[in-house]
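Student: Any chance you could fold what I've pasted below:
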Amino acid sequence: MLDRLLEEEQGLPRKQRYTGKKLFELIQAAGYAGAESTVRRYVGAQRKRQRRPRVYAPLAFEPGEDAQVDWGTGWVELAGELTEVQLFVMRMNYSRKLFVMAFPTQRQEAFFDAHVQAFAFFGGVPKRITYDNLTTAVKRIVKEGGREEQQRFIALRSHYLFASRFCTPGQGNEKGRVEDGVGYVQRHFLVPMLKVATFTELNAHLRASCQKDDARRIDRQPHTIAEAWTKEAPLLRPLPAHSFDSALLTRFLPIT
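Tutor: Numbers count the residues shown, from 1 in each chain. The predicted structure is shown next:
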């Protein structure tokens, strides 16, 4: 209901749009039992996203060569409470095939586990992945645009044999496809708002949505995501014999 009200107000003059308080009162009357502050945070985040200009990078990619990763947020009713979840999105650049997984946080163990699950979902590993300058991967930016990567991230890359590329600071549009993918997930996988009992149930829904999305055609291309994926999937690097251990072994291995 909240997303529908925000969508409906887009055609109204700015001074005649709903206030956060009014939106809270409307959904409360419809049965919402959460806090007004939670509704205000969600409304603020959605309106900020709506104001963000869309920038696209017109790039061409070869099958199996490149993927992009980004984090976003979404809102679900989790165990009866309106909850903000963290969305990890990996998008293959040639086929545009998506992998999405929700977590409570964006901490390093979630970041690593998301990679492990994404590679298993794809059945292979792209040769290169583009990122923002995430602290879970980058320790610091050095001279001439280089990056000193976190040791555990280097271990992850070495295990799966993929190269990393990091966007110029402040230029997230360099990986515009996956940022557009985050918005697509928010609008199409989480609307209407989901009611789930656990993260396991939520992630099962997200995986099913990714599979269903394979039937989509993008940018007026003659083939669907699924058709492009048949060309891309065989060109991925094979999975290693064992998955990377995404747990943070802080008692034995200091994380820098």
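Student: Show me what the residue nearest the centre of the chain bridges to in the sheet.
Tutor: In the chain, the centroid-proximal residue (C-alpha atoms, centre = their mean) is residue 89; its distance is 2.8 Å. Using DSSP bridges, the beta-bridge partners of residue 89 come out as residue 70, residue 100.
Student: Residue 28 versus that one, what's the distance?
Tutor: From residue 89 across to residue 28, the span is 32 Å (C-beta to C-beta, to the nearest Å). C-beta coordinates here come from the backbone N, C-alpha and C atoms, glycine included.
Student: before we move on, back to that, against residue 140, how distant is the residue nearest to the centre of the chain?
Tutor: Distance of residue 89 to residue 140, computed by C-beta to C-beta: 25 Å.
Student: With residue 7 instead?
Tutor: For residue 7 relative to residue 140 (C-beta to C-beta), the value is 42 Å.
Student: And for residue 127?
Tutor: Residue 127 is 25 Å from residue 140, where distance means C-beta to C-beta.
Student: which one of these two has more residues nearby?
Tutor: The neighbour comparison of residue 127 against residue 140 (other C-beta atoms under 10 Å) goes to residue 127, with 15 against 11.
Student: residues in contact with that one?
Tutor: Shown in contact with residue 127 (C-beta atoms under 8 Å, 6 or more residues apart in numbering): 64, 65, 66, 162, 163, 237.
Student: do residue 121 as well
Tutor: By C-beta under 8 Å, 6+ apart, the neighbours of residue 121 are 99, 207, 210.
Student: swap in residue 192?
Tutor: So residue 192 contacts 3, 4 (C-beta under 8 Å, 6+ apart).
Student: ok now stretch 79-97, how far from the chain's centre?
Tutor: Here stretch 79-97 is found 4 Å from its chain centre; the criterion is C-alpha atoms, centre = their mean, to the nearest Å.
Student: Can you give me the buried ones in that stretch?
Tutor: 82-83, 85-97 (16 or more other C-beta atoms under 10 Å).
Student: correct me, but residue 213 touches residue 98?
Tutor: Yes - counting by C-beta atoms under 8 Å, residue 213 touches residue 98, with 5.9 Å between them.
Student: Would you mind telling me which of these two has the busier surroundings?
Tutor: Taking other C-beta under 10 Å, residue 213 and residue 98 do not tie; residue 98 has more neighbours (25 against 21).
Student: distance of the residue nearest to that one when sequence neighbours are not counted from residue 17?
Tutor: Counting by C-beta to C-beta, 6 or more residues apart in numbering, residue 210 is the residue found nearest to residue 98 once chain neighbours are left out, at 4.9 Å. Residue 210 sits 33 Å away from residue 17, going by C-beta to C-beta.
Student: between these two, who's got more neighbours?
Tutor: When neighbours are counted by other C-beta under 10 Å, residue 210 comes out ahead of the other of residue 210 and residue 17, with 19 against 16.
Student: For that one, list the residues it contacts.
Tutor: Taking C-beta under 8 Å, 6+ apart as the contact definition, residue 210 lies against 97, 98, 99, 100, 121.
Student: Pick out the most distant pair among the residues you listed.
Tutor: The largest separation in the contacts of residue 210, counting by C-beta to C-beta, is between 97 and 100 at 11.0 Å.
Student: where exactly do the strands run in the stretch 151-256 of the chain?
Tutor: Remark: strands assigned in the stretch 151-256 of the chain by DSSP state E, counting those that start in this stretch are 163-166, 195-196.
Student: contact partners of the shortest one?
Tutor: Around strand 195-196, the neighbours that count as contacts under C-beta under 8 Å, 6+ apart are 76, 77, 78, 79, 202, 205.
Student: Please name the bridge partners of the third one.
Tutor: Residues found in beta-bridge contact with residue 78 (criterion: DSSP bridges) are residue 81, residue 196.
Student: Does it touch residue 85 like I think?
Tutor: Yes - with contacts counted by C-beta under 8 Å, residue 78 reaches residue 85, the gap being 7.3 Å.
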